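Test case, fold it:
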Amino acid sequence: MNQIDPGTPTWLAARNDRAAFRLLLQHGPLTRSALGELTGLSKPTASQMLARLERVGLIKPVGERSAGRGPNAITYGVRTDRITGVAISILDRAIQAVVVDAVDHEHPIVQVAAETGSRTPEGDVRAAVRAACEAAGIDEGTVSRVVIGVQAAFFVDGDELSFTDTLPGWPAVGSRARIERELGLQVTIDNDVNLATMAERSAGAAQQAESFALFWIGDGLGVGLDLGWGVHRGASGGAGEIGYLAVPRTAAPLAPAANDFTDLLGGPAVARLFGSDGATLADVLPRLADDPAVLTVLADRVILAVNPLLAILDPSMIVLGGPTGIAGGARLAELVAERVDPAAHPKLAMRTSGTGAQPVLLGARQQLVDQIRDQLEADISLAN
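Numbering: from 1, shown residues only. Now for the predicted structure:
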């Protein structure tokens, strides 16, 4: 982007154009008159802003609006076909993906099988992008970036992955570089629970929390930490990998064979609470909220993992998320809260995740929307 000297007419025009562009993102299509009212600028100045934004391909006419006795007024909206991205969640046996554009339209979420035996980072991402674009009717050529949630720890500076049990074919070092080189995309990789934590902060149960920990309970376990200034990833990206921690001795009466917290609370452990041989977590979760006995036993186990978080971090809120946390609902949160020492943590709130069924994709989408808008705003200087 060219440098524009502050205070010059060119700088002022670029500043006005950015304000107009943000208003179009916020309010949707606007007429020249409506844009003038929202900015407080004259109609001629509003017309000039729209003309510059249209000239560089950031907006286009999208319709007309009745202007009373005169001719209909043209409405202008942000172009969504210039730059798009794809949010991707790499699961154990499948890959979920969805197209993202500048105005965050709702596009279909697709799921493709994770090929066994010959997987690569670029192969997984290529399949996800292709399926998402086909479902949304979007030209793959408009996709410039992806945000990928993985069930692993990711160290950004070293492009390093660890705890990669669910990522066969993904190398410990260099996955991001491989995707960028082979597919020509700008790539962001992050831990799936970290992305879910971002979604919880912006659109879920923790919007007003000073600090919180998202305890993800599913087939695997993880903790997302937001201590008031964004997600805490740790020195090497491994913060929150609680599933690998050894259980305390107090867990022995609950699960004598459990060595770590995944043995205590992971998918197979929760499925066994229902006494169904061969059942998977997905099989039993629909029954969880209606089974008081299992909820009670599960709360006894969850508090063993929550207590270290409270002792070390003392957050203002714990959010129970992931498939098991969401399926347990408000009652599970209540039972866990009853097991917290009120004298040690009198201000703690215990909540169930409020981000819906796709929190990882939601967090990735939010990052992509910001990235796409920043990229489009960077082009505004070209109009001046």
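
Please count neighbours and contacts with C-alpha atoms only from this point.
Will do.

residues in contact with the top helix by length along the chain?
Longest helix of the chain, by residue count under DSSP state H: helix 292-313. The contact list for helix 292-313 (C-alpha atoms under 8 Å, 6 or more residues apart in numbering) reads 213, 215, 242, 247-248, 251, 254, 261, 264-265, 270, 273-274, 288-289, 328, 331-332, 335-336, 339-340, 345.

what do you get for stretch 162-174?
Stretch 162-174 is contacted from outside by 90-93, 118-121, 150-154, 158-161, 238, using C-alpha under 8 Å, 6+ apart.

Make a PyMOL selection of whichever of the contacts of helix 292-313 turn out to be buried.
The PyMOL command for the buried members of those (criterion: 16 or more other C-alpha atoms under 10 Å) is given here:
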select buried, resi 213+215+242+247+251+261+264+265+270+274+288+289+328+331+332+335+336+340
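
Of the contacts of helix 292-313, which belong to strands?
Among the contacts of helix 292-313, the members falling in strands (DSSP state E) are 213, 215.

circling back: for the longest helix of the chain, buried residues please.
Of all the residues in helix 292-313, those buried under the rule 16+ other C-alpha under 10 Å are 294-295, 298-306, 309-310.

what's the closest of the residues you listed to Asp226?
When the buried residues of helix 292-313 are ranked by distance to Asp226 (C-alpha to C-alpha), Leu309 comes first, at 12.2 Å.

What confidence value was assigned to that closest one?
With respect to pLDDT, Leu309 scores 96.

Next one: it from Ile318, what distance?
Distance of Leu309 to Ile318, given as C-alpha to C-alpha, to the nearest Å: 9 Å.

Show me whatever sits in contact with both of those two.
Contacts common to Leu309 and Ile318, judged by C-alpha under 8 Å, 6+ apart, are Ala213.

quick revisit: which of the contacts of stretch 162-174 are buried?
90-91, 120-121, 150-154, 160-161, 238.

Quickly name whichever of those is closest to Cys133.
Nearest to Cys133 among these, counting by C-alpha to C-alpha, is Ile90 at 16.9 Å.

before we move on, back to that, so of the contacts of stretch 162-174, which ones are in helices?
Going by DSSP H, the helices hold Pro121 from these.

which residue ranges form the strands in the chain?
Using DSSP E, the strands of the chain run over 30-31, 59-65, 73-78, 84-90, 94-100, 110-113, 143-150, 153-155, 160-162, 186-191, 212-217, 221-226, 317-321, 349-352.

could you say what helices and strands the shortest one packs with?
Contact partners of strand 30-31 among helices and strands, from 3 or more C-alpha pairs under 8 Å, 6 or more residues apart in numbering; DSSP states H and E: strand 73-78.

Any idea how far the strand it packs on is from the middle of the chain?
30 Å (C-alpha atoms, centre = their mean, to the nearest Å).

same thing with stretch 203-216?
Taking C-alpha atoms, centre = their mean, one finds the center of stretch 203-216 at 13 Å from the center of the full chain.

what does stretch 209-227 give?
The chain centroid and the centroid of stretch 209-227 are separated by 13 Å, computed with C-alpha atoms, centre = their mean.

In it, which residues are buried?
By neighbour count on 16+ other C-alpha under 10 Å, the buried set for stretch 209-227 is 209, 211-227.

and if you look at stretch 80-87?
Residues of stretch 80-87 classed as buried by neighbour count (16+ other C-alpha under 10 Å): 80, 82-87.

Tell me which two of those residues sit farthest apart.
Spatial extent of these (C-alpha to C-alpha) is set by the pair Arg82 and Ala87 at 16.9 Å.

which residues sit in contact with Arg339?
By C-alpha under 8 Å, 6+ apart, the contact set of Arg339 is 300, 303.

re earlier: out of the contacts of helix 292-313, name the ones that lie in helices.
Among these, the residues falling in helices (DSSP H) are 261, 264-265, 270, 288, 328, 331-332, 335-336.

low-confidence ranges in the stretch 251-384 of the chain?
For the stretch 251-384 of the chain, applying pLDDT under 70 flags the ranges 381-384.

on that earlier part again, in the ones in helices among the contacts of helix 292-313, find the pair that's most separated.
Most distant of those, by C-alpha to C-alpha, are Phe261 and Arg331, 21.6 Å apart.

Nearest to Ile372, out of the ones in helices among the contacts of helix 292-313: which one, please.
The closest of the ones in helices among the contacts of helix 292-313, once distances to Ile372 are taken by C-alpha to C-alpha, is Gly328, at 36.0 Å.

nearest residue to that closest one other than its sequence neighbours?
Ala289 (5.1 Å; C-alpha to C-alpha, 6 or more residues apart in numbering).

give the contact list for the one you found.
Here Ala289 is in contact with 295, 327-329, 331 (C-alpha under 8 Å, 6+ apart).

same deal with Asn259?
Counting by C-alpha under 8 Å, 6+ apart, Asn259 touches 246-247.

tell me the phi and psi of it?
Dihedral angles of Asn259 (phi, psi; degrees, to the nearest 10) stand at phi -100, psi -40.

Can you tell me how far it is from Ile90?
27 Å.

Check Ala113 too.
Applying C-alpha to C-alpha to Ala113 and Ile90 gives a distance of 10 Å.

what does Lys347 give?
Using C-alpha to C-alpha, Lys347 is found at 36 Å from Ile90.

Could I get the phi/psi values of His105?
phi -60, psi 150.

Name the nearest residue to Pro248, ignoring sequence neighbours.
Nearest residue to Pro248, sequence neighbours excluded (C-alpha to C-alpha, 6+ apart): Leu304, at 7.7 Å.

err, Gly77, not the other one
Using C-alpha to C-alpha, 6+ apart, the nearest residue to Gly77 is Pro29, at 4.3 Å.
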